[in-house]
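> the following block contains a protein sequence and its predicted model.
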Amino acid sequence: EEGADLSRVIIGHSCGNSDLCYHFDILKRGANVGLDRIGYGVFMPDEIRLGVAMSAIAAGYASQVMLSQDMTSQYYGASPEMVKAIEIRGQLGYEYIMTDFIPKLREAGVSERSIEACLVDLPRRFLGY
């Protein structure tokens, strides 16, 4: 109601919430949801994230679903012990989203165009490139 351009808003860490109504309320208003802790199972299993992503994409919101991963075991300078402790908590390497999560979307029938909308188009639009 203050006039903000909601297409320039991403509600980060939305993937910590499994309630589809929560996500659809954000999406219907024109804002974006950040499913940005992919691979970080401590807060939410990826099966739930997959379900949220697939539901939003199936409803026509692929261009408003940011798929990313901000938690990883590959911290610069981390000792092997620290990396192991991080991995035990469910954090994975940077490649996980592309090697595990995206193939699961494909297996579920999500189109390459929809995946590109989430991984390329939205970040490009959001960041102004």
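Thanks, I have it. Residues are numbered from 1 along each chain as shown.

> what about the spatially most central residue of the chain? Give its phi and psi, please.
The structure's the chain has its C-alpha centroid closest to Leu35; by CA atoms, centre = their mean the separation is 2.4 Å. For Leu35, the backbone dihedrals are phi -90, psi 80 (criterion: degrees, to the nearest 10).

> can you pull the contacts of the residue nearest to it when sequence neighbours are not counted?
Computed as CB to CB, 6 or more residues apart in numbering, the closest residue to Leu35 that is not its neighbour in sequence is Cys15, at 4.0 Å. The C-beta positions use only the backbone N, C-alpha and C, and glycine is treated the same way. Residues counted as contacts of Cys15 (CB atoms under 8 Å, 6 or more residues apart in numbering) are 33-38, 43-44, 48-49, 52.

> now those: which count as buried?
Among the contacts of Cys15, those classed as buried by 16 or more other CB atoms under 10 Å are 33-38, 44, 48-49, 52.

> quick one: buried residues of stretch 117-129?
117-119, 122.

> can you give me the end-to-end span of that stretch?
Start-to-end span of stretch 117-129 (CA to CA, to the nearest Å) is 14 Å.

> cool, stretch 9-21 as well?
Terminal residues of stretch 9-21 lie 18 Å apart, using CA to CA.

> how far is stretch 104-124 from where the chain is centred?
How far stretch 104-124 lies from its chain's middle: 11 Å, per CA atoms, centre = their mean, to the nearest Å.

> what sits up against it?
With contact meaning CB under 8 Å, 6+ apart, stretch 104-124 is reached by 32, 46, 50, 53-54, 57, 62-68, 102.

> rebuild those as TSV, extending it with pLDDT, distance to Ala4 and neighbour count.
TSV is the format used below for the contacts of stretch 104-124 (pLDDT from 0 to 100; distance: CB to CB, whole Å; neighbours: other CB atoms under 10 Å):
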residue	pLDDT	distance to Ala4	neighbour count
Asn32	97	13	23
Asp46	89	31	22
Leu50	95	30	19
Ala53	97	25	28
Met54	97	28	17
Ile57	98	25	23
Ala62	97	22	22
Ser63	96	18	16
Gln64	97	15	25
Val65	97	20	27
Met66	95	18	19
Leu67	94	23	24
Ser68	90	22	17
Ile102	96	31	18
